[in-house]
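Novice: give me the fold of what follows.
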Amino acid sequence: MERINAETIAGIALVLLALIFIFAATMNEVWAIILPADYLILALGVAFIALGVITIRNNNRKHSHEESTHH
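Specialist: I've put the predicted structure just below:
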């Protein structure tokens, strides 16, 4: 049973990076210029987390089905 995968880890890292960049944009006007890119990074992170969750569910469903047919 798989609990976490590379897509989920990458998504969490991107979300944290985006949150740090958004916080930096509130403190510095130079960082505020690239705020739209920060939201893009945030959206990509959320997409990677969603992809990871879907992959985990599919893998776990496939493995539980294989285990039940072998009995």
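Novice: neighbours of V53, just the number please.
Specialist: For V53, the number of neighbouring residues by other CB atoms under 10 Å comes to 15. (Glycine included, C-beta is placed from N, CA and C.)
Novice: contact partners for it?
Specialist: Contact analysis of V53 by CB atoms under 8 Å, 6 or more residues apart in numbering lists T8.
Novice: give me the distance between it and I12.
Specialist: Distance, V53 to I12, using CB to CB, to the nearest Å: 11 Å.
Novice: centroid-nearest residue for the protein?
Specialist: The geometric centre of the chain, computed from its C-alpha atoms, lies nearest to G11 (CA atoms, centre = their mean), at 2.1 Å.
Novice: need the per-residue pLDDT for it.
Specialist: Among the per-residue scores, G11 shows a pLDDT of 97.
Novice: can you tell me the element the residue nearest to I22 when sequence neighbours are not counted falls in?
Specialist: The spatially closest residue to I22, leaving aside those adjacent along the chain, is D38, at 5.0 Å (CB to CB, 6 or more residues apart in numbering). Here D38 sits within helix 35-69, counting by DSSP states H and E.
Novice: how far off centre is that helix?
Specialist: Relative to the chain's own centre, helix 35-69 is displaced by 7 Å; criterion: CA atoms, centre = their mean, to the nearest Å.
Novice: what residues sit buried inside it?
Specialist: Judged by neighbour count using 16 or more other CB atoms under 10 Å, the buried positions of helix 35-69 are D38, I41, L42, L44, G45, F48, I49, G52, I56.
Novice: now, which of the residues you listed sits nearest E2?
Specialist: Here the nearest of those to E2, counting by CB to CB, is I56; it sits at 5.3 Å.
Novice: grab the nearest non-local neighbour of that closest one.
Specialist: I56 sits nearest to E2 (CB to CB, 6+ apart), 5.3 Å away.
Novice: which residues outside the helix or strand harbouring the residue nearest to the centre of the chain are in contact with it?
Specialist: Assessed by DSSP H and E, G11 sits inside helix 6-27. The set of residues that contact helix 6-27 without belonging to it, under CB under 8 Å, 6+ apart, is 31-32, 34-35, 37-39, 41-42, 44-53, 55-56.
Novice: report the angle between the helix holding D38 and helix 6-27.
Specialist: With axes from the mean of the first three to the mean of the last three CA atoms, to 10 degrees defining the directions, helix 35-69 sits at 160 degrees from helix 6-27.
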